[in-house]
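In: Fold the stuff below for me.
(2 chains)
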2 protein chains.
Amino acid sequence: MTVTNHNLLITTDVVDEKSIKTLAKYSKVYKLADLAEDRLDEILPSIDCLLVFSWPIQLTIERLERMTDLRFIQSVLAGVNHIPFASLGKSVIVSSNAGAYSEEVAEYAWALVLSAAKKVVELHVSLREQKWTLRRTLDEGSEITIMRGKILGILGFGGIGQAVARIAKGFGMQVYAFSRKKSASRGVRVFTGQGGLTDLLKRSDAVVLALPLTSQTVRIINVERLSEMKRDGILVNVARGELVEEKAMYDHLAVNPNFRYATDVWWYRENRESLKTDYPFLSLPNFIGTPHVSGPSGLATGRPVRLASENTVRFLKGLRPRNIVNPEDYKTSYPY
Amino acid sequence: MTVTNHNLLITTDVVDEKSIKTLAKYSKVYKLADLAEDRLDEILPSIDCLLVFSWPIQLTIERLERMTDLRFIQSVLAGVNHIPFASLGKSVIVSSNAGAYSEEVAEYAWALVLSAAKKVVELHVSLREQKWTLRRTLDEGSEITIMRGKILGILGFGGIGQAVARIAKGFGMQVYAFSRKKSASRGVRVFTGQGGLTDLLKRSDAVVLALPLTSQTVRIINVERLSEMKRDGILVNVARGELVEEKAMYDHLAVNPNFRYATDVWWYRENRESLKTDYPFLSLPNFIGTPHVSGPSGLATGRPVRLASENTVRFLKGLRPRNIVNPEDYKTSYPY
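Out: Just a heads-up that it's a prediction; the model follows:
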């Protein structure tokens, strides 16, 4: 048995045996699924490291407060908005899994951009309902959007945003990115600040949301922002549903039939993402919704679990973990 | 008035006034829509040049036989399979409008590839029918296809095929192309002949049909070819419906639920493309259909009409027109 002073609690069953074996070289490993309630309560004060997928319901705030030795939390999900930052001690470091799903989510973003631009879903549903005839020209308002030469705006220029930008070049699009930092990227024009966001939204033909959900970004797309976008614009969300204000989005789609919103991510109900909405989005022809599948498809590659495990090993070895987030960004936005 | 010995008949109203003005510098121009039946019959023997969109029903075989001066036919449609080659004299040159819609159709091909790969249509329809719940992993068989590192096969490596290949590189895919000629294209592996087609179909994760419809390509995708493809493969058609054998396709989709066929183009009924099918494709979850809209969207750019007019001017000026097709490729396939 390895001598170690670390105690790691893994709260998800997505971590594979090989990764667990590696982690066990540097730490005593507990799996939440194997622990009875009383045993869990017994070990909580000794746990210094947590590897979570989304935040486990068993770890109530009361239990979290008893984890006095906790120093590090690693998320397998890319975003960390599920973590109860307000209840964490100052000495707890939290690492996101930013970049782990970038390629798969960027591909998914493009699937939604093109499905909306080319009206694939709307036309397919019309054919099923026998509402179409073949024609050689398209009626005004029923045109499909040509991407070449147009402007793609990307909000958030991390791993996903950069992968979305790379693909955009194959389509001959100009890329505008909204980012906190004026980062340099060849062929991409970066916008910062509130004025920069307005500029980007006004000029973009299609906009992809690839931001983390933080206290600065929650409902960043609201009535005002939507009014800045083109009337026949396209908005795609592969990040978090709560980046968009729900009522504002519904009203905007209802009033602007040529505007399109395509999303893989949904608003929160009782602190969890939910397919239930306050407004009947799915009855609108200019709305496309899929049930948050870009993440699971990324997960299937094994890459997110491998990266999360590797970063946890960094902590266990005494190295500085990557992707450490600033708790201040999340304190007021929890549970979103 | 210009002195000219050319008589041009334009049979479509998609040609703009500016193009007509240019054409009128080199030819007497007649517009079919302006001609009464008896006047049409009167001028037919003098017409040496035809500018058509799809073949006009007014130009029956009887009338065509009376067009003894006919020397040149220009199509505004990219493909020329609508032209009655078997009834044309040997001295008639026919030009396609190959390449005129390439970018728009290639974009549309990618919209269908990604809609199928990411199951956007299927998932959206499931949500509408309330058949989904959010889940963090996907069931076996309901995974979505990740493109990165996969192989994209392209049948036909003209303007559309090459534009599809360029976009594929942004997605990090390998590109295999099936072509008559062993043409060189950086980063694309070219396959020729029947054995080459088999190789390409066996290895490709997704296949895009971008071939002209000729006597060599009609129903090129049949029972045997489908059996060579991957069981969870994706087939996309942005060329002509008749490249695919209808019954074979339906049976293949019904038996292989993970195989996907996404098409913008349809089979022929009474010599015309029709949304009516012999089999209920639209009731299959692994079928995506849209009503041949990639062409009209390309037409909306004005580029196809401009290119067709410019090529017609080449003929009128005594220059060799571009995109001359070999009538032998079309004689046995008409009216497909």
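In: Just give the closest residue to whatever residue of chain A ends up closest to chain B, not the sequence neighbours.
Out: Taking Cβ to the nearest Cβ as the measure, the point where chain A comes nearest chain B is A:Gly170, at 3.2 Å. In short, each C-beta sits where N, CA and C put it, glycine included. Distances taken as Cβ to Cβ, 6 or more residues apart in numbering or on different chains place B:Gly170 nearest to A:Gly170, at 3.2 Å, with adjacent residues excluded.
In: Does that neighbour touch A:Met173 like I think?
Out: No: in this structure B:Gly170 lies outside contact range of A:Met173 using Cβ atoms under 8 Å: 10.4 Å.
In: ok, now which ones touch the nearest residue to A:Arg320 once chain neighbours are set aside?
Out: Distance criterion Cβ to Cβ, 6+ apart; nearest residue to A:Arg320, sequence neighbours excluded, is A:Arg314 at 7.1 Å. Residues near A:Arg314 by Cβ atoms under 8 Å, 6 or more residues apart in numbering or on different chains: A:320-322.
In: Relative to A:Val94, how far out is A:Arg314?
Out: 14 Å (Cβ to Cβ, to the nearest Å).
In: Over to A:Ile324?
Out: The value you get for A:Ile324 to A:Val94, if Cβ to Cβ is used, is 7 Å.
In: Of those two, which one has the most company?
Out: A:Val94 (21 against 13; other Cβ atoms under 10 Å in any protein chain shown).
In: Report the rounded mean pLDDT for whichever helix or strand the more buried one is part of.
Out: Using DSSP states H and E, A:Val94 falls within strand A:93-95. Mean pLDDT, strand A:93-95: 97.
In: how would you label A:Pro257: helix, strand or coil?
Out: coil (DSSP: H, G, I helix; E, B strand; the rest coil).
In: Torsion angles phi and psi at it?
Out: Note on A:Pro257: backbone dihedrals following degrees, to the nearest 10 are phi -60, psi -20.
In: what's around the residue nearest to it when sequence neighbours are not counted, how many residues?
Out: Closest residue to A:Pro257 apart from its sequence neighbours, by Cβ to Cβ, 6+ apart: A:Asn286 at 5.9 Å. A:Asn286: 21 surrounding residues under other Cβ under 10 Å.
In: isn't A:Asn286 right next to A:Arg260, touching?
Out: Yes: A:Asn286 is in contact with A:Arg260 according to Cβ under 8 Å; the separation is 4.8 Å.
In: Name the residues contacting each of these two.
Out: Common neighbours of A:Asn286 and A:Arg260 (criterion: Cβ under 8 Å, 6+ apart): A:Leu253.
In: Tell me the predicted confidence for the spatially most central residue of chain A.
Out: By Cα atoms, centre = their mean, chain A has its centre lying nearest to A:Ala239, at 3.0 Å. A:Ala239 carries a pLDDT value of 96.
In: One more: A:Tyr334?
Out: 50.
In: which ones are touching the residue nearest to the centre of chain A?
Out: Contacts for A:Ala239 (Cβ under 8 Å, 6+ apart) come out as A:79, A:156, A:160, A:209-213, A:265.
In: okay, who's weakest in the residues you listed by pLDDT?
Out: Within those, lowest confidence goes to A:Gly79 (90).
In: how many neighbours does that one have?
Out: A:Gly79 has 22 neighbours, counted by other Cβ under 10 Å.
In: Where does it sit: helix, strand or coil?
Out: Following three-state DSSP, A:Gly79 is assigned to coil.
In: so how far is the helix or strand of chain A with the lowest mean pLDDT from its chain's centroid?
Out: None of the helices or strands of chain A scores lower by mean pLDDT, DSSP states H and E than helix A:294-299, at a mean of 84. Put simply, helix A:294-299 sits 11 Å off its chain's centre (Cα atoms, centre = their mean, to the nearest Å).
In: follow-up on the earlier one: which residues touch the residue of chain A closest to chain B?
Out: B:166-171.
In: what are the phi and psi angles of it?
Out: When read as degrees, to the nearest 10, the backbone of A:Gly170 gives phi -60, psi -30.
In: quick one on the thing from earlier: the nearest residue to the residue nearest to the centre of chain A once chain neighbours are set aside: neighbouring residues, count only.
Out: Spatial nearest neighbour of A:Ala239, chain neighbours left out: A:Leu209 (4.8 Å); criterion: Cβ to Cβ, 6+ apart. Here the count is done by other Cβ under 10 Å, and A:Leu209 has 27 residues near it.
In: Isn't A:Leu209 up against A:Gly156?
Out: Yes: in this structure, A:Leu209 is within contact of A:Gly156 by Cβ under 8 Å, at 6.9 Å.
In: how about the residues of the stretch 101-250 of chain A near chain B?
Out: With Cβ under 8 Å from any Cβ of the partner chain as the criterion, the stretch 101-250 of chain A meets chain B at residues A:103-104, A:107-108, A:110-112, A:114-115, A:117-121, A:123-128, A:132-138, A:143-144, A:146-148, A:166-172.
In: Now a PyMOL select for only the buried ones of these.
Out: Remark: buried members of those, expressed as a PyMOL selection using 16 or more other Cβ atoms under 10 Å in any protein chain shown:
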select buried, chain A and resi 103+104+107+108+110+111+112+114+115+117+118+119+120+121+123+124+125+126+127+132+138+143+144+146+147+166+167+168+169+170+171+172
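In: now, which of the residues of the stretch 101-250 of chain A next to chain B lie within helices?
Out: When DSSP state H is applied, those are split such that A:103-104, A:107-108, A:110-112, A:114-115, A:117, A:120-121, A:123-128, A:166-170 fall in helices.
In: Show me the shaky parts of the stretch 101-250 of chain A.
Out: In the predicted model, the stretch 101-250 of chain A carries pLDDT under 70 at residues A:136-138, A:140-142, A:184.
In: buried stuff in stretch A:311-322?
Out: Neighbour-count burial for stretch A:311-322, counted by 16+ other Cβ under 10 Å, picks out A:311-316, A:321-322.
In: With just CA atoms, put that stretch into PDB.
Out: C-alpha atoms of stretch A:311-322 as PDB (Å, rounded to 0.1, in the frame of the first residue of the first chain):
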ATOM      1  CA  ASN A 311      -4.600  17.800 -13.400                       C
ATOM      2  CA  THR A 312      -5.600  16.100 -10.100                       C
ATOM      3  CA  VAL A 313      -2.300  14.200 -10.200                       C
ATOM      4  CA  ARG A 314      -0.500  17.600 -10.500                       C
ATOM      5  CA  PHE A 315      -2.100  18.700  -7.300                       C
ATOM      6  CA  LEU A 316      -1.400  15.400  -5.500                       C
ATOM      7  CA  LYS A 317       2.300  15.700  -6.600                       C
ATOM      8  CA  GLY A 318       2.500  19.200  -5.100                       C
ATOM      9  CA  LEU A 319       2.600  20.900  -8.600                       C
ATOM     10  CA  ARG A 320       0.400  23.900  -9.400                       C
ATOM     11  CA  PRO A 321      -2.800  22.600 -11.100                       C
ATOM     12  CA  ARG A 322      -3.800  24.100 -14.400                       C
END
